[in-house]
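1. 3D model of this:
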Amino acid sequence: MTLVGIDDTDSRDRGMCTTYVAARVADAIAAGGGTVERRRLVRLNPAVEFKTRGNAALCIETDLDPARAFDLAAAEIEQFAVVDDPRTSPGVVVADATAETVADPVVDFARRALHDRLDPDEAVTCLERQGYRHRGWDGGRGRVGALAAIGAARAFDDWTYEHIVYRELDRCGTPRKVDRESVFAAAEAAYPDAWDTVDRAEDELVCVPSAPGPILYGIRGDDAETVRSVAAAIESEPVEREVTYLTNQGTDAHLQQGPVETVRDDRAYRVDGAVDDPPETRAGGHVHLTLRDDDATLPCVAFEPTKRFRDRVRALRPGDRVTVCGEVSQGTLKLEKFALRDHVTTERVVPACPDCERSMKSAGRDQGYRCRDCGTSAPGRVDRELDRELDPGWYEVPPCARRHIAKPLVRGGFDAPTHPER
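-> Numbers count the residues shown, from 1 in each chain. Presented below is the predicted three-dimensional model:
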């Protein structure tokens, strides 16, 4: 068996897509006499600055001779990769191995590529030690992702599917023509086995990208036949090709568990703590709060594009015990989901006068409170029952704001009740 890894062939501004280049490579392999056994779409660290959108790398499993597969992959990359973009730095890796027999150092590299920032030189060193064929263009940074894609099958346990439908290349750069009613109907019929196809509350086609490139739409779910059937029910402009990928999307595989004091930039975490101050809505509609764990604090933010999720964050109160999940950048965690573990039920407030029911005023330092009209007094603040709108459990951003790799609550397997968005 032969494994072909590909990464970093697309451009943030000029389109193209690494999944499309991989589809072309797979077709070239089939035309060259090989059998394509499986196509794997691997999302890596979503916080890496070099990514275009979802930081995807691809692996093709085939029975074609490694040398022949390498030549075919390199030729397709040279034809379709956007190498004139200074941010694009393609790489290809070809291993004479099966997904199950990849060496342990490559598996470890794949795990770290999802959780950390890795240097291209480390990838090249590993490649040389393993004797894998490889090539890079314009620096070849893509060899990091290509090598990680080679090791991904053994590195990760949870896999889902995405069926991607590609438009004709000469249509790229023009508005996509996809029938909204057919998408919403297909999404409703397949939910929850296919998820994040649409956002019902925002009336948005989540499966249809807005960025330039050849993807017409992509359907994600837990079952290969389901995602294919949803795609088949959608009415659209002419389709050039379509591919079903096995993928680690929708798995939360990017999250590392750790205490607040160990959190570092450009990584994604799942962190436990207590809400330290009331959530605050600031300029732009972003909602900020601070998480405390012992003596360490971590600023967190729900950005405006997370829409109704911000209302869940606003409903938190100081003292609530929570678990927060998200990418950390410049010392702040960007909230993807959170779990309310234990919520406070009372708050300390200035007492009300039992006679006139108006709030008392401070009687002076350490002298409690006094009603200036009635003369009644109280020794200090009192407990008041809170009317909590938020039940314990997990809350998530809506489909329109979800990262590719973030796990939708509807997939299950969480350690508390869930409140899925759809």
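
2. kindly state the beta-bridge partners for Arg133.
-> Bridge pairing for Arg133 (DSSP bridges) gives the partners Val94.

3. could we number from 32 for the rest of this?
-> Sure thing, new numbering starts at 32, so read that last one as Arg164.

4. so it touches Phe101, yeah?
-> Yes. Counting by C-beta atoms under 8 Å, Arg164 touches Phe101, with 4.7 Å between them. The way it works is simple: take the backbone N, C-alpha and C, and place the C-beta from them, glycine included.

5. which residues are common contacts for the two?
-> Val125 (C-beta atoms under 8 Å, 6 or more residues apart in numbering).

6. all helices for the stretch 182-331 of the chain, in order.
-> With DSSP state H, counting those that start in this stretch as the criterion, the stretch 182-331 of the chain has helices at 211-221, 255-263.

7. and the first one, how far out from the chain middle?
-> What it means is helix 211-221. Helix 211-221 has its average C-alpha position 23 Å from the chain's average C-alpha position, going by C-alpha atoms, centre = their mean, to the nearest Å.

8. alpha carbons of it, as CSV, please.
-> Output of helix 211-221 as CSV, limited to C-alpha atoms (Å, rounded to 0.1, in the frame of the first residue of the first chain):
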residue,chain,number,x,y,z
ARG,A,211,-32.1,27.0,-0.7
GLU,A,212,-35.4,25.1,-0.3
SER,A,213,-33.8,21.8,-1.4
VAL,A,214,-30.9,22.3,1.1
PHE,A,215,-33.2,23.0,4.0
ALA,A,216,-35.5,20.1,3.1
ALA,A,217,-32.6,17.7,2.8
ALA,A,218,-31.0,18.9,6.0
GLU,A,219,-34.3,18.5,7.9
ALA,A,220,-34.8,14.9,6.6
ALA,A,221,-31.3,13.8,7.6
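
9. so what does it touch, helix or strand wise?
-> Here helix 211-221 touches helix 255-263, going by 3 or more C-beta pairs under 8 Å, 6 or more residues apart in numbering; DSSP states H and E.

10. buried stuff in the helix it packs on?
-> Buried residues in helix 255-263, counted by 16 or more other C-beta atoms under 10 Å: Thr257, Val258, Arg259, Ser260, Val261, Ala262.

11. turn those residues into JSON lines, including distance to Pro429 and pLDDT.
-> What follows is those, written out as JSON lines (distance: C-beta to C-beta, whole Å; pLDDT from 0 to 100):
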{"residue": "Thr257", "distance to Pro429": "21", "pLDDT": "98"}
{"residue": "Val258", "distance to Pro429": "20", "pLDDT": "98"}
{"residue": "Arg259", "distance to Pro429": "25", "pLDDT": "98"}
{"residue": "Ser260", "distance to Pro429": "24", "pLDDT": "98"}
{"residue": "Val261", "distance to Pro429": "19", "pLDDT": "98"}
{"residue": "Ala262", "distance to Pro429": "22", "pLDDT": "98"}
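
12. dump these to TSV, plus distance to Ala232.
-> Below are these laid out as TSV (distance: C-beta to C-beta, whole Å):
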residue	distance to Ala232
Thr257	23
Val258	22
Arg259	27
Ser260	25
Val261	20
Ala262	23
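
13. and which of these is nearest Asp324?
-> Proximity of the buried residues of helix 255-263 to Asp324 (C-beta to C-beta) peaks at Val258, which lies at 39.2 Å.

14. ok, now which ones touch that closest one?
-> Contact partners of Val258, counting by C-beta under 8 Å, 6+ apart, are Tyr192, Glu193, His194, Ala225, Ile250, Arg251, Gly252, Thr275.

15. now, the residues you listed that are in strands?
-> Tyr192, Glu193, His194, Ala225, Ile250, Arg251, Gly252, Thr275 (DSSP state E).

16. can you list the low-confidence ranges for this protein?
-> Low-confidence segments of the chain (pLDDT under 70): 81-84.

17. list the buried residues in the biggest strand by length in it.
-> For the chain, the strand that runs over the most residues, judged by DSSP E, is strand 363-373. For strand 363-373, a neighbour-count test (16+ other C-beta under 10 Å) marks Thr363, Leu364, Lys365, Leu366, Glu367, Lys368, Phe369, Ala370, Leu371, Arg372 as buried.

18. so how far is that strand off the chain centroid?
-> Distance, centroid of strand 363-373 to centroid of chain: 14 Å (C-alpha atoms, centre = their mean).
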